[in-house]
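Return atomic coordinates for the entry below.
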Amino acid sequence: MLDEDGRPDPEGIKGWMTLADVSETYSVPLDALYTMIGAGPDLPADTEMKELEGLLPDMGVSTVRAGVAAYLDGSWTPADGPYGGGQPAEPELTPTPTTVPLHTPQGSGQGAGAGTGEGFVLPSDGSRLPASEIKGRMTLQEVVDYCQVPLDYLMAELGLPAGVDTGLALRDLAGSYTVQVLAVRDAVQRYQENH
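This next block holds a predicted model:
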């Protein structure tokens, strides 16, 4: 089962598939899959999806499908902890373009930089956010500001038209411009490696 881009569609995950099958087919590292389902690495990689319901609370084939889809579109990473069964692990917030300078800690001084709310943690030393921490709920402007990547470079790499709304969340760019979060991470990583 393939999606419109010709990649394996997570809806094709079946109960007979093993953890290893899902990892290989959908390019989800096995350790990320273990984190997603809330299991330790002692769970055999040949465990079938249909067996998960009996082994792990609130875990089943549909949850794995949703978790893999979230991983692929960048709205879930292993740093987020176990996937929340199709429900966001935290309330959705409407992101706004950057209002906090990069070198100023967030918050009121208590718990500043804890990453609550937006789901990512800015480095406390003012350095740039690594590409691997980019989330689907971040706006294009936040990626530019936090990852310290020029907007014109990012727009050219992603093939975005001039005048695109930089306040759009990355997951919304995927719907409007077919730009995937993974492509944004790759472009930012290339820039960060060379600059």
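
Poorly predicted segments of the chain, please.
1-6, 85-126, 174-175 (pLDDT under 70).

is it true that Thr35 touches Trp76?
No. Using CB atoms under 8 Å as the test, Thr35 is too far from Trp76 to be in contact (9.7 Å). C-beta: built from backbone N, CA, C; applies to glycine.

Settle it for me: which of the two has more neighbours?
More crowded of Thr35 and Trp76, by other CB atoms under 10 Å: Trp76, with 26 against 22.

out of everything not next to it in sequence, what's closest to that one?
Ala70 (3.6 Å; CB to CB, 6 or more residues apart in numbering).

hang on, that neighbour in a strand?
No. Ala70 is assigned helix when assessed by DSSP: H, G, I helix; E, B strand; the rest coil, not a strand.

Which segments of the chain make up each domain?
10-80, 102-195 (automatic domain parsing).

Just give me the residue right at the centre of this structure.
With distances taken as CA atoms, centre = their mean, Gly74 lies nearest the centre of the chain, 2.4 Å away.

And the helices in this structure?
Assigned by DSSP state H, the helices in the chain fall at 19-26, 30-37, 49-55, 61-73, 140-147, 151-158, 170-177, 181-194.

Make CSV out of those helices and add distance to Gly84.
As requested, the helices of the chain are exported to CSV (distance: least, CB to CB, whole Å):
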stretch, distance to Gly84
helix 19-26, 18
helix 30-37, 10
helix 49-55, 15
helix 61-73, 9
helix 140-147, 23
helix 151-158, 29
helix 170-177, 16
helix 181-194, 18
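
Out of these, which gets nearest to Glu11?
helix 61-73 (6.0 Å; CB to CB).

need the contact list for Val188.
Contact analysis of Val188 by CB atoms under 8 Å, 6 or more residues apart in numbering lists 131, 134, 143, 147, 149, 154.

And the residues you listed, which of them are buried?
Neighbour-count burial (16 or more other CB atoms under 10 Å) applied to the contacts of Val188 gives 131, 134, 143, 147, 149, 154.

from what I can see the fifth one touches Gln192, true?
Just to be clear, that refers to Val149. Yes. Counting by CB under 8 Å, Gln192 is a contact partner of Val149 at 7.4 Å.

Overlap in contacts, these two.
Counting by CB under 8 Å, 6+ apart, Val149 and Gln192 have no common neighbour.

With only the CA atoms kept, save stretch 130-146 in CSV.
C-alpha atoms of stretch 130-146 as CSV (Å, rounded to 0.1, in the frame of the first residue of the first chain):
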residue,chain,number,x,y,z
PRO,A,130,19.6,21.1,15.5
ALA,A,131,17.7,20.0,12.4
SER,A,132,16.7,16.7,14.1
GLU,A,133,14.6,18.7,16.6
ILE,A,134,12.4,20.3,13.9
LYS,A,135,8.7,19.5,14.6
GLY,A,136,5.7,19.6,12.3
ARG,A,137,4.0,22.2,14.6
MET,A,138,6.9,24.7,14.2
THR,A,139,6.4,27.5,11.8
LEU,A,140,8.7,28.2,8.9
GLN,A,141,9.8,31.4,10.6
GLU,A,142,10.7,29.5,13.8
VAL,A,143,12.8,27.1,11.8
VAL,A,144,14.7,30.1,10.2
ASP,A,145,15.1,31.8,13.6
TYR,A,146,15.8,28.8,15.9
